[in-house]
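Here is the input, now give the coordinates:
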Amino acid sequence: MEAEAVKAYSGYWREMERAYAAADVKASKLTSYASGVALVKAQVETERMKKNGSTLSGGVTVTNSTVTQLDNSKKLPKAELSSCLDVSKWISLDKEGKPVALPSTRVTKYVATATMERWADGWRVLTAQPHADQPC
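Below is the predicted model:
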């Protein structure tokens, strides 16, 4: 069950890359991997990006994904997951597709946590929280 959650979490980030590259959640299969706060947050962020004419290019590297807590006692099992998120290859692009200068102090490799729930058709990320103050 833990391996399934980790695989779904990787799928979540793969689809986040697609959504941010297009500035549109509908350009991805994110709804197959996210729900609740995580999905709403992605929708709000991509709408803001679309309004500003910006996108993200490149990718995210997710390593050391570990289920830190698993609760099978409920109808819908829940899991807490921790990973190392490396966004150093994610490049912010402006309306013309040109890279936007980012602060040199930008944190690009940090711990991220997620709360997940197992539905009939697979695991969903309900919350995803970056911890930029926790390098990895």
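
who touches stretch 54-67?
Outside stretch 54-67, the residues that touch it by C-beta atoms under 8 Å, 6 or more residues apart in numbering are 2, 5-6, 9-10, 13, 16-17, 20-23, 49, 79-87, 89-95, 97, 100, 112, 136. (Each C-beta comes from the backbone N, C-alpha and C, glycine too.)

for stretch 22-30, that is, sorry about that
12, 15-16, 18-19, 21, 31, 39, 42-43, 46, 49-50, 54-55.

one step back: going by neighbour count, which of the contacts of stretch 54-67 are buried?
Among the contacts of stretch 54-67, those scoring as buried are 5-6, 9, 13, 16-17, 20-23, 49, 79-87, 90, 92-93, 112 (criterion: 16 or more other C-beta atoms under 10 Å).

can you pull out the helices in this structure?
With DSSP state H as the criterion, the chain has helices at 2-22, 36-52.

Out of those, which gets nearest to Glu117?
Taking C-beta to C-beta, helix 36-52 is the member of those nearest to Glu117, at 8.3 Å.
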